[in-house]
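>>> Next one to model:
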Amino acid sequence: MGFDIERVRAGYPALGEGFRHFDAAAGSLVAEPVARAAYGVYTSAVANRSDAFEPGRRAIGIVDAARVAVADLLGADPSGVVFGNSATSLTYLMARTLAATWRPGDEVVVSRLDHDSNVRPWVQVAAAAGVTVRWADFDPATGELPAAQYADLVNDRTRVVAVTAASNAIGTRPDVPAIAALAHAAGALVYVDGVHATPHQPTDVAALGADFYVTSAYKWSGPHVAACAADPSLLSGLHPAKLLPSSDAVPERFEFGTPSFASLAGVTAAVDHVAGLDSAATGTRRERLVASLSAVRDYEAGLFAKLVDGLAGIDGVRLCPAPDDRCPTVSFRLRDQHPSATSALLGEAGICAFAGDYYAWEYFTTMGLRDSGGAVRAGIYHYTTAEDVDVLLDALRAA
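Model (predicted):
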């Protein structure tokens, strides 16, 4: 049958509460198999990692399985998958580790379209190392991040180019492969924030040209765990500050303390869940992930067009400019109403939609909207329905 919305929604027990969810960009609902996997760990004999006894071997297996699952999701090497508490914490870790080799006169490039988690860590470590920060600007009239500008921003002193795969504020998908090609030609590394993009389309880190790609499982129906995928040979040359007794192997040297085995079991379950969103998908898990996320992209695109067209037809709604080809995320304001007031009114109707800057600090500052409350954000996820969209639009017309 392929992508069947009723079958898909049946995998999310929380939908039974009746809320209309347009908030998945901040965190999706958890799929039932994920909760079941975590429960299974909590109610089983799982020890810390050890190959001396079965409960310890179970822990080793859980971690290894999660690395393979994330690698399948991203088209990456499981030996280069690093787990952490959040995309922000992983980016800080990688930024500090890379910056240890930087010298005054070196440069990094960040963009004003990005979530602050892919901006501030680089800006802060650059300041500490005496390194120059160069800024890529988006076009306020279109929401695009022109790739051509990177030809002027990148040079032989550039150490890292940090860029998003999709804006969490307006959905823009920059031309990451073109940006990466310019960066690599100059000898720079490319750090891609894939948090917003990953649940909405197939991901191939090699095709993107990403040396590092960070994603958060709680954006694709999983637990609050993040992962950063990189080439193991690249990671082997990096040496983060760590405890002396902890493993110096890759990728373990980048992971601090004992991980949450229940959460990592949930990561594997989430990847398996996503792979099964298209019931007609066959082949390896990687092949099923590509097929399912392609079906998700097509389903969400149709629903998103309905949402954007509906918003554009409501008197007093002002949409933040964005390209047509984008992740299914839109930010808007309603008349002179403060965005938090609009969000609260929607909340009273059982509609979940965030207001504010959603950590897209540079974007909303550039647009002159941050100090006055940012905007309201509505996103389509693969469990959103046409009825959800109608309810949201009707509530805004009545507000």
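
>>> what residue ranges in the stretch 101-250 of the chain score low on pLDDT?
Counting by pLDDT under 70, the stretch 101-250 of the chain shows no low-confidence range.

>>> Which parts of it are helices?
Under the criterion DSSP state H, counting those that start in this stretch, the stretch 101-250 of the chain contains helices at 120-129, 150-153, 176-185, 205-208, 232-236.

>>> Of all those, which one is nearest C352?
Taking C-beta to C-beta, helix 120-129 is the member of the helices of the stretch 101-250 of the chain nearest to C352, at 27.0 Å. To be clear about C-beta, it is placed using only N, CA and C from the backbone, and glycine gets the same treatment.

>>> Can you give the contact residues for the closest one?
Identification of contacts with helix 120-129 by C-beta atoms under 8 Å, 6 or more residues apart in numbering yields 88, 91-92, 95-96, 98-99, 102-104, 106, 108, 110, 131-133, 160, 162, 191, 361.

>>> just stretch 3-22 next, same as before
Stretch 3-22 has contacts (C-beta under 8 Å, 6+ apart) with 1, 29-33, 35, 221, 273, 277-279, 292, 295-296, 298-299, 349-353, 377-385, 388, 391-392.

>>> R36: how many residues sit nearby?
12 (other C-beta atoms under 10 Å).

>>> Now do the strands in this protein.
Counting by DSSP state E, one finds strands in the chain at the ranges 20-21, 81-84, 107-111, 132-136, 158-164, 189-193, 212-216, 226-230, 317-319, 329-334, 351-352, 355-356, 375-379.

>>> Dump the ones you listed to TSV, plus distance to E255 and mean neighbour count.
Below are the strands of the chain laid out as TSV (distance: least, C-beta to C-beta, whole Å; neighbours: other C-beta atoms under 10 Å):
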stretch	distance to E255	mean neighbour count
strand 20-21	32	22
strand 81-84	6	24
strand 107-111	24	25
strand 132-136	28	17
strand 158-164	21	25
strand 189-193	18	25
strand 212-216	14	28
strand 226-230	10	27
strand 317-319	41	16
strand 329-334	31	25
strand 351-352	33	18
strand 355-356	31	20
strand 375-379	30	28
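
>>> mind checking which of those strands is nearest P245?
With C-beta to C-beta as the criterion, P245 lies closest to strand 81-84 of those, at 19.0 Å.

>>> So what's the gap between that closest one and the chain middle?
In terms of C-alpha atoms, centre = their mean, to the nearest Å, the centre of strand 81-84 is set 14 Å apart from its chain centre.

>>> Run me through the strand neighbours of that strand, direction for each.
The pairing partners recorded for strand 81-84 under DSSP bridges are strand 226-230 (antiparallel).

>>> quick one: the partner strand to strand 189-193, angle?
Orientation check (axes from the mean of the first three to the mean of the last three C-alpha atoms, to 10 degrees): strand 226-230 against strand 189-193 gives 150 degrees.

>>> Okay, angle between strand 226-230 and strand 212-216 too, please.
Using the same axes, to 10 degrees: strand 226-230 against strand 212-216 is 160 degrees.

>>> Could you dump the helices of the stretch 101-250 of the chain into JSON lines with distance to F83 and mean neighbour count added?
Output for the helices of the stretch 101-250 of the chain, formatted as JSON lines (distance: least, C-beta to C-beta, whole Å; neighbours: other C-beta under 10 Å):
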{"stretch": "helix 120-129", "distance to F83": "18", "mean neighbour count": "19"}
{"stretch": "helix 150-153", "distance to F83": "30", "mean neighbour count": "17"}
{"stretch": "helix 176-185", "distance to F83": "23", "mean neighbour count": "19"}
{"stretch": "helix 205-208", "distance to F83": "16", "mean neighbour count": "18"}
{"stretch": "helix 232-236", "distance to F83": "13", "mean neighbour count": "16"}
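
>>> Quick one: closest of those helices to I60.
Using C-beta to C-beta, the nearest of the helices of the stretch 101-250 of the chain to I60 is helix 232-236, at 18.1 Å.

>>> Which segments of this protein make up each domain?
5-30+285-398, 35-273 (automatic domain parsing).

>>> Which pLDDT value goes with M1?
Confidence at M1, expressed as pLDDT, is 59.
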